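> using only what follows, build the 3D model:
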Amino acid sequence: MSMTPDEAFSSEDEDYEYDYSDDDDMEDQEEEDRMSMYNKRLAPHSSSSCTLSAGNGCSSSRYKTSNGKLMDSDFKSSSSDVRILDATEIVHSMKRRIHEVTDVLAIPPSAAGVLLREHNWLKESLYEKYYNNPEKTQERCGVRGRCQSSFSSKSKTSTKKFQCEICYDDYSEEEMLSVPCGHVFCRGCWGGFIDCSIKSGPSCVRMTCPQVGCKEAVTEDEVAITAPGLLKKYEMYQLRSFVEMNALTRWCPGPGCSKIAMAGSSGFNGVATCHECTTSFCLRCGEEPHSPASCDELRRWKEKCRNESETANWIIANTKPCPKCSSRIEKNQGCNHITCQQCKYDFCWICLQPWADHGSNTGGYYKCNKYDPSGSSDDQSNTARAKRELDRYLHYYKRFHAHSEAQKFAKKQLKDTEARMVLLQESTNNSTWADVEFLKSAVDQLVECRRVLKYTYTFAYYMTDNARSKQKERFEHHQEMLEKFTEKLSELSEKPLTEMDRTDVVNQTRVVDRFMKNILTYVEDGMDED
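Presented below is the predicted three-dimensional model:
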């Protein structure tokens, strides 16, 4: 049974006292992986041109992130041995690391947690900087006072009553709380400050002393004393920090799923499928598997679609280009006889052919089912280039969107497939459940093919036309064939059960699956025909 991050922190886990015997293998492997990555950070001039394999259906991302994680080309492996773990396993791993740093550096556990977080939870990186200059490292991370003095819940002053610098009321010594930096506030103000900080979200793990200009970190020690009811939530955010800043872990993106993917010796490479919610996702970027497009191409494509898709949809639905000057025209009357206001050209709104060819002496609208691309590539004006780029984007976006909608329909069809399988089994004499499972396999294959097809258009959009013209031509041929096979499988799987031929569906499913995998392999191998 899955456990939420909140449930992962139990009362028995206080003071970081655990039996870690069950975690030794996982921790040893993780530390070995981290040491390898850390060594790469220490050698920034030793670059590698290794191209990662897509593994289980996700091409290499060909870019590095800037959020502190070592990703993509920092791993040199073509396989993935990812484990899907529960939050409790990650909590034990995180707290074991804190416990180890506490022992090595002889500092409080709360200070060790802050120092690890500020060094992306990499012990070796922390040790190197800490031993070079302990005071500077403590000061920079906001734990100088915590490491130099003992934590106390009472004020160091001996006066009977003194004033809180937040609410300016007078309180006794027992009603005040002093943080390691020496600033003293009443417990009520502390509770309100911590409550407000934790309600602000994950950034609460970086909250500092309320005193203006003080950089001393506020940790679970203060939370436990002034707002014990919020301690689990604070620790959940600390776990979230550990997972998101860790180069070898990623939350499962499935709705409501609290499982965590942890990479092994091969690093984050390929696709993982969560055994809890069955969600498949790219290990590098967390998106759905997107071969043959890379993570970088997908990021750029989604950003472009966010900025331009609404405009593109409106243009597609409401305008057409003038066949002569390519100006975009919005039809505002019912007549299909259009006169361009830019060049005064008369044409048919339906087929974009000259209106003169639509008279009774020429046979009427006999060309309205024809399509003839317009526009000249010789025109290098800014307007013409912008128009060509828009048309190019619309070409790929429309097809990407079409396959995306077809994928949604296939997923919807998948939900109804089991009922159709039951009917098919009942309508066939002496048939077993295994005899009708071909139908689910076919729809599963359709969902996968639609996903791959839509990302082939993302991939194709970012291909260079001139330098890779032959490769692009071959790729588009393979793309066309995959679309053809997929459409055929879609037709066969959607037939009424009385007309469905099991042999045809099974054979077509195998053909589509093999062709799809061949295209992905072709792209991963650099599209080398040899």
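
> for the spatially most central residue of the chain, which three-state class applies?
For the chain, the residue sitting closest to the mean C-alpha position, by C-alpha atoms, centre = their mean, is residue 286 at 2.9 Å. Of the three states, residue 286 takes coil under DSSP: H, G, I helix; E, B strand; the rest coil.

> which of the three states applies to the closest residue to it other than its chain neighbours?
Spatial nearest neighbour of residue 286, excluding adjacent residues (C-beta to C-beta, 6 or more residues apart in numbering): residue 253 at 5.3 Å. For every residue, glycine as well, the C-beta is placed using N, CA and C. Secondary structure, three-state DSSP: residue 253 is coil.

> so how many other residues sit close to residue 253?
17 (other C-beta atoms under 10 Å).

> would you mind confirming that it is in contact with residue 285?
No - taking contacts as C-beta atoms under 8 Å, residue 253 lies outside contact range of residue 285: 9.9 Å.

> between the two ends of stretch 124-143, how far is it?
The first and final residues of stretch 124-143 sit 19 Å from each other (C-alpha to C-alpha, to the nearest Å).

> equivalent analysis for stretch 194-205, please.
10 Å.

> got the buried residues for that stretch?
Neighbour counts over stretch 194-205 (16 or more other C-beta atoms under 10 Å) mark 194, 195, 197, 198, 204, 205 as buried.

> and after the helix or strand of the chain with the lowest mean pLDDT, which helix or strand comes next?
Each helix and strand of the chain was given a mean pLDDT (mean pLDDT, DSSP states H and E); the minimum falls on helix 24-42 at a mean of 43. For helix 24-42, the following helix or strand on the C-terminal side (DSSP states H and E) is strand 83-85.

> which elements pack onto that following strand?
Applying 3 or more C-beta pairs under 8 Å, 6 or more residues apart in numbering; DSSP states H and E, we find strand 83-85 packed against strand 260-262.

> name every strand pairing with the strand it packs on and say which way it goes.
Strand 260-262 has its sheet partners listed here by DSSP bridges as strand 83-85 (antiparallel), strand 249-251 (antiparallel).

> residue 434 is nearest to which of these?
Residue 434 sits nearest to strand 83-85 of all those, at 28.2 Å, using C-beta to C-beta.

> after that closest one comes which helix or strand?
Of the helices and strands lying after strand 83-85 in sequence (DSSP H and E), the nearest is helix 87-105.

> CA atoms of that following helix as CSV?
The C-alpha trace of helix 87-105 is given here as CSV (Å, rounded to 0.1, in the frame of the first residue of the first chain):
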residue,chain,number,x,y,z
ALA,A,87,8.3,7.5,0.8
THR,A,88,9.4,5.7,3.9
GLU,A,89,12.4,4.2,2.2
ILE,A,90,13.5,7.7,1.0
VAL,A,91,12.9,9.2,4.4
HIS,A,92,15.3,6.6,6.0
SER,A,93,17.9,7.3,3.3
MET,A,94,17.6,11.0,3.9
LYS,A,95,17.8,10.8,7.6
ARG,A,96,20.7,8.3,7.5
ARG,A,97,22.6,10.9,5.5
ILE,A,98,21.8,13.6,8.0
HIS,A,99,22.9,11.3,10.8
GLU,A,100,26.2,10.5,9.1
VAL,A,101,27.0,14.1,8.5
THR,A,102,26.1,14.9,12.2
ASP,A,103,28.7,12.3,13.3
VAL,A,104,31.4,13.3,10.9
LEU,A,105,31.2,17.0,11.4
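
> what about the closest residue to residue 214 other than its chain neighbours, neighbour count?
Nearest non-adjacent residue to residue 214, counting by C-beta to C-beta, 6+ apart: residue 181, 5.6 Å away. Counted by other C-beta under 10 Å, the residues lying close to residue 181 total 21.

> for residue 102, see how far away residue 181 is.
In this view, residue 181 and residue 102 are 20 Å apart by C-beta to C-beta, to the nearest Å.

> repeat that for residue 284.
Separation of residue 284 from residue 102 (C-beta to C-beta) stands at 33 Å.

> quick one, which of these two is more surrounded?
residue 284 (28 against 18).

> residue 281 contacts residue 270, doesn't it?
No - contact criterion C-beta under 8 Å: residue 281 and residue 270 do not qualify, at 10.5 Å.

> between the two, who's got more neighbours?
residue 270 (26 against 22).

> ok, that one touching residue 283?
Yes - here residue 270 reaches residue 283: they are 6.2 Å apart, a contact under C-beta under 8 Å.

> if we can go back for a sec, tell me which element the residue nearest to residue 214 falls in.
Assigned by DSSP H and E, residue 181 falls within no helix or strand.

> over to it: give its phi and psi.
Main-chain torsions, residue 181, degrees, to the nearest 10: phi -80, psi -10.

> please apply the same query to residue 405.
Here is the backbone geometry of residue 405 (degrees, to the nearest 10): phi -70, psi -40.

> name the spans of the chain whose pLDDT lies under the cut-off.
Across the chain, the ranges flagged by pLDDT under 70 are 1-80, 149-160, 264-269, 308-314, 316-317, 333-335, 358-384, 386, 464-468, 529-530.

> okay, strands next: where are they in it?
Ranges of strands in the chain, per DSSP state E, are 83-85, 161-163, 170-172, 176-178, 184-186, 249-251, 260-262, 271-273, 280-282, 319-321, 328-330, 337-339, 346-348.

> out of these, which is closest to residue 447?
With C-beta to C-beta as the criterion, residue 447 lies closest to strand 280-282 of the strands of the chain, at 10.4 Å.
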